[in-house]
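> Got a sequence here, can you build the structure:
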Amino acid sequence: MSKAPLAPYPALRLRRLRQADWTRRLVRESVLTPSDFIWSMVVHEGEGRIPVPSMPGVERLSVAECAKAAKEARALGIPAIAVFPHIDAEKKDALGEQAADPDGVVCRAVKAMKDAAPEVGIMCDVALDPFTDHGHDGVIEGGRILNDATIERLVAQGLVQAEAGCDILAPSDMMDGRVAALRGALEGAGHQDVMIMSYAAKYASAFYGPYREAIGSGKLGTGSVDNPADKKTYQMDSANTEEALREVALDITEGADMVMVKPGMPYLDIVRRVVEAFAMPTFAFQVSGEYAMIMAAAGNGWLDEERAILESLGAFKRAGCAGVITYFAPRAARLLGA
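Model prediction:
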């Protein structure tokens, strides 16, 4: 409902404010800038760049290419990069041991990016699924994802990322209590300035498929005791809203500095409720499936690609997001600067 009384037509003609570009810009309610983006990026252990077939325009980057990308982000005015790893299959195991390797590809990429462009913030995914041979985010026993045993491994992972120079830890695993455990471990290790952006409301979604190809986590199992068929016992049910508010409240209580809703556009109602309920810096993740849908439709001539990119990103700002994690970050930054 409008806060001001409305005059009757023709005294009120809403099209007056739309009649020219300068008037539209003058009264625009939400403004999108490169400062609103966190660039989602995949690092691999080899050399050069490797295209991701299901995500046209997205490539896995080597450590050296990540350093170049950090300089690019700085030049474009993108404030931060979120790094996700593609791990060689032979290095994966049931416990995701490589996640806590201080010489692993994530830590090497963080160091390289901070050396290349120290002004650019680096966010690291705290989760085991890129490192496990079963593709789940946690330790499995008897067909169940073990909450507390998983948290122990996440803390070890988060600490090596912080030691490498990561600015923001982003636990995406959805284990209960992991934010408190990470916050306590960071304080105890002298990393009190390292921030936590929790994947507070992360849904068990169909929109993650291309990402799993990008990081090489593969398809989940078929419900055996060694590999549950899906992630619904730890990621949220897409039908729920009130549960999201409880998840966010818990993560804030446990020490999260920022919170995130994932996926993005299918859950803008959740974003809005979180922003209104908590007045917390709230982010959304425009996930791989959202990216792939826009690019596929544009590739078939069904959408205007550039307009669709900016319109989709603007929706997050309109919903109240402080920013958005997106694979479109460099492209959108260039479009906004054009």
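
> Number of residues surrounding residue 132?
Counted by other CB atoms under 10 Å, the residues lying close to residue 132 total 25. All C-beta atoms are positioned from the backbone trio N, CA, C, and that covers glycine.

> actually residue 201, not the one I typed
Residue 201: 28 neighbours (other CB under 10 Å).

> any chance you could map the helices in the chain?
Using DSSP state H, the helices of the chain run over 21-26, 63-76, 105-116, 147-164, 178-188, 209-215, 242-254, 268-278, 288-299, 305-319, 329-337.

> And residue 54, how far from residue 325?
Using CB to CB, to the nearest Å, one obtains 18 Å as the distance from residue 54 to residue 325.

> These two: which has the busier surroundings?
Neighbours of residue 54 and residue 325, each counted by other CB under 10 Å, are more numerous for residue 325; the result is 25 against 18.

> Got phi/psi on residue 7?
Per-residue torsions, residue 7: phi -70, psi 150 (degrees, to the nearest 10).

> Against residue 29, how distant is it?
Taken as CB to CB, the span from residue 7 to residue 29 is 20 Å.

> and these two? which has more neighbours close in?
The neighbour comparison of residue 7 against residue 29 (other CB under 10 Å) goes to residue 7, with 9 against 6.

> about what we covered before: residue 232: which of the helices of the chain is closest?
Ranking the helices of the chain by proximity to residue 232 (CB to CB) places helix 242-254 first, at 12.9 Å.

> Would you mind pulling the contact partners of that closest one?
176-177, 179-180, 183, 198, 200-201, 236-237, 259, 261, 270, 273-274, 277-278, 280 (CB atoms under 8 Å, 6 or more residues apart in numbering).

> list the contacts for residue 74?
Residues counted as contacts of residue 74 (CB under 8 Å, 6+ apart) are 117, 119-120.

> Count the neighbours of the closest residue to it other than its chain neighbours for me.
Nearest residue to residue 74 in three dimensions, chain neighbours excluded: residue 117, at 4.4 Å (CB to CB, 6 or more residues apart in numbering). Residue 117 has 20 neighbours, counted by other CB under 10 Å.

> of the contacts of helix 242-254, buried ones?
By neighbour count, with 16 or more other CB atoms under 10 Å, these hold 179-180, 183, 198, 200-201, 236, 259, 261, 270, 273-274, 278, 280 as buried.

> Please pull out the lowest mean pLDDT helix or strand from this protein.
In the chain, no helix or strand scores lower on mean pLDDT, DSSP states H and E than helix 209-215, which sits at a mean of 90.

> so how far is that one from its chain's centroid?
13 Å (CA atoms, centre = their mean, to the nearest Å).

> Show me what counts as buried in it.
Applying a neighbour-count criterion of 16+ other CB under 10 Å, the buried positions in helix 209-215 are 210-215.

> what does it rub up against?
Counting by CB under 8 Å, 6+ apart, residues outside helix 209-215 touching it are 42, 52-55, 58, 60, 84-87, 129-130, 135, 218-219, 287-289, 291-292.

> Please spell out the ChimeraX selection for the buried subset of the residues you listed.
ChimeraX command restricting those to the buried ones, with burial defined by 16+ other CB under 10 Å:
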select :42,52,54,55,58,60,84,85,86,87,129,130,135,287,288,289,291,292
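
> Please, where are all the strands along the stretch 1-150 of the chain?
Using DSSP state E, counting those that start in this stretch, the strands of the stretch 1-150 of the chain run over 37-44, 49-51, 59-61, 80-86, 121-126, 139-141, 144-146.

> Which one of the ones you listed lies nearest to residue 301?
strand 49-51 (21.3 Å).

> which residues touch that closest one?
With CB under 8 Å, 6+ apart as the criterion, strand 49-51 contacts 44, 58-62, 65.

> State the pair within these that is farthest apart.
So, the contacts of strand 49-51 by CB to CB: farthest apart are 58 and 62, at 14.6 Å.

> is it true that residue 270 touches residue 260?
No - counting by CB atoms under 8 Å, residue 260 is not a contact partner of residue 270; they are 10.6 Å apart.

> Quick check: neighbours shared by those two?
Both residue 270 and residue 260 are contacted by residue 201, under the criterion CB under 8 Å, 6+ apart.

> what bits of the stretch 201-338 of the chain have low per-residue confidence?
218-226, 338 (pLDDT under 70).

> circling back: rebuild the contacts of strand 49-51 as JSON lines, extending it with pLDDT and distance to residue 312.
JSON lines is the format used below for the contacts of strand 49-51 (pLDDT from 0 to 100; distance: CB to CB, whole Å):
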{"residue": "44", "pLDDT": "97", "distance to residue 312": "27"}
{"residue": "58", "pLDDT": "97", "distance to residue 312": "16"}
{"residue": "59", "pLDDT": "97", "distance to residue 312": "21"}
{"residue": "60", "pLDDT": "97", "distance to residue 312": "23"}
{"residue": "61", "pLDDT": "98", "distance to residue 312": "23"}
{"residue": "62", "pLDDT": "98", "distance to residue 312": "29"}
{"residue": "65", "pLDDT": "98", "distance to residue 312": "26"}
